[in-house]
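Undergrad: The following block contains a protein sequence and its predicted model.
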Amino acid sequence: MTHNMSDSVNIVGSGIVGLISAYKVHQKLRIPVRVYDAGPDPRAQRNHFHSFGASYSGLDARHISITETGPWTDASREELIERSPAEGGWNCLASVTKNQYEAAWQQEFKSIARDADRHATNSQQVFAANKEGLMAWAELHRRKPKLFAPIFDTNYLTIICTNEADLVDEYEGEKRLDEGRVKNLQHTMPVGYEPLDQKFRDGILHGSFTVAGNAYNIRKLCVNVIDYLEEHGVEFHWRNPISLVDGGDRVTELPPGDIVWASGVSGGMSSFLADKKILLQGVLGCWVDIPNQGFSHPFKIYGKEPTNFINATPIGNRLLLSGGYGWVGTRAHAEVTKLAKPTMQAFLHEVSKFFFDGRALSDKYPLATCIRPSLPSGVTQIEEITYQDRRVVTCIGHSAGGFTQSAHVADVVVEKLSS
């Protein structure tokens, strides 16, 4: 079926992809926009809504850079999906029986990891989308500097490595992707990171370089965008779950118009995904909120699996740390809380090497998790389908692309609705 250009749009999901899509549809197409979300209004409650998507779970900071996300799979990671977090792996389901969908996700992950050509194709797609995302965020900031302001105005991130081999590999890899904006390779502590001085002297940290990027306070940004959109006539419907194809079929409750499925929560589309053999499942991320020891700029430390990069973002007297990968399959949040513990323990152990003189982090520091709804490839998939004579633009697996790609994903959504 062919469709005319949209005359109104219903957006399912008020996370970063849904909000930026709503903003761009409103700005570029000048048509009525309605946003539906299963969760509560984030302006009404401050707590983190662990059951309501990746944008409002975890803690507030998000980084953007050309390698902020990469394809999940390569040859070095094939074994990670088999090993438990205690063994340095991603498999939070190692101690439980997997269902058929989880077994299929795991097998697909391993299949891609073994296939150099598929990995290369995925890499090209992911890093191209990251680059487009960086440019899209810069354009948003240029047009509405107060609404889309990052936390810092320097437009770079510092990457710190623990050994010479990683330093060289990461620096050369970043240069190949973003020649001209990867700079300042050095084997000493970078200026502005004096709290890590002892770690450099002890040889725990080795060197650093800078890449183009920035950090955002995602909660502040989302709240500001919601306020702006409401002031300009966009409707928001909170605590209003929508299901396109499963029991209860609430799509008929939506007003006339096209639909943008921008929710990372797959439940409302699980039948469609199963029919298409699309494996959308959860990959855990970890957070801890500790006192800022004097840092004034965001940075990353290249750690061990399953933590990988530790993103560090100072916000006032707080230092928000995030990292970690834990595959939790199709499990509900209540079960994830238990399954996540080994990944959280591995994350905190890695973090403690670089902060608080290696002592274990105290229970008094707030911990949080988010679940990235992701395909085994780590590649965002955007499709246009027809359902009940309506056009539906689906954004599947976009939490793997994360914050960096979200502004680009919104551009693709607008392009599809414009045709």
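TA: Yes, it's here.

Undergrad: got the buried residues for stretch 282-301?
TA: Judged by neighbour count (16 or more other CB atoms under 10 Å), stretch 282-301 contains these buried residues: 282-290, 292, 295, 297-301. Yep, even glycine has a C-beta here, placed from its N, CA and C like the rest.

Undergrad: Among these, which pair sits farthest apart?
TA: 282 and 297 (31.4 Å; CB to CB).

Undergrad: I'd like to know which of the buried residues of stretch 282-301 are part of strands.
TA: Within these, residues falling in strands by DSSP state E are 282-290, 299-301.

Undergrad: now those as TSV including distance to residue 384?
TA: Listed next are those as TSV, based on distance: CB to CB, whole Å:
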residue	distance to residue 384
282	25
283	26
284	30
285	29
286	35
287	34
288	40
289	40
290	44
299	40
300	36
301	41
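
Undergrad: from these, which is closest to residue 200?
TA: residue 301 (11.7 Å).

Undergrad: Just to check, the closest one is in contact with residue 308?
TA: No: in this structure, residue 301 is not within contact of residue 308 by CB atoms under 8 Å, at 10.0 Å.

Undergrad: Kindly export stretch 280-298 (C-alpha atoms) in PDB.
TA: Once non-C-alpha atoms are left out, stretch 280-298 reads as follows in PDB (Å, rounded to 0.1, in the frame of the first residue of the first chain):
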ATOM      1  CA  LEU A 280      14.800  -7.600  20.100                       C
ATOM      2  CA  GLN A 281      16.100  -8.300  23.600                       C
ATOM      3  CA  GLY A 282      17.600  -6.500  26.600                       C
ATOM      4  CA  VAL A 283      21.300  -5.600  27.200                       C
ATOM      5  CA  LEU A 284      21.900  -4.200  30.700                       C
ATOM      6  CA  GLY A 285      23.900  -1.100  31.500                       C
ATOM      7  CA  CYS A 286      25.100  -0.100  35.000                       C
ATOM      8  CA  TRP A 287      25.400   3.200  36.900                       C
ATOM      9  CA  VAL A 288      26.700   4.600  40.100                       C
ATOM     10  CA  ASP A 289      26.500   8.100  41.500                       C
ATOM     11  CA  ILE A 290      29.600   9.100  43.500                       C
ATOM     12  CA  PRO A 291      31.000  12.400  44.900                       C
ATOM     13  CA  ASN A 292      32.900  14.400  42.300                       C
ATOM     14  CA  GLN A 293      36.500  14.400  43.400                       C
ATOM     15  CA  GLY A 294      37.400  17.600  41.400                       C
ATOM     16  CA  PHE A 295      36.700  16.700  37.700                       C
ATOM     17  CA  SER A 296      35.400  19.400  35.500                       C
ATOM     18  CA  HIS A 297      35.000  17.600  32.100                       C
ATOM     19  CA  PRO A 298      33.600  14.300  30.900                       C
END
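
Undergrad: Please shift the residue numbers so they start at 724 in all later answers.
TA: New numbering, starting at 724: the last item is stretch 1003-1021.

Undergrad: to the chain's geometric centre, what's the distance from that stretch?
TA: How far stretch 1003-1021 lies from its chain's middle: 12 Å, per CA atoms, centre = their mean, to the nearest Å.
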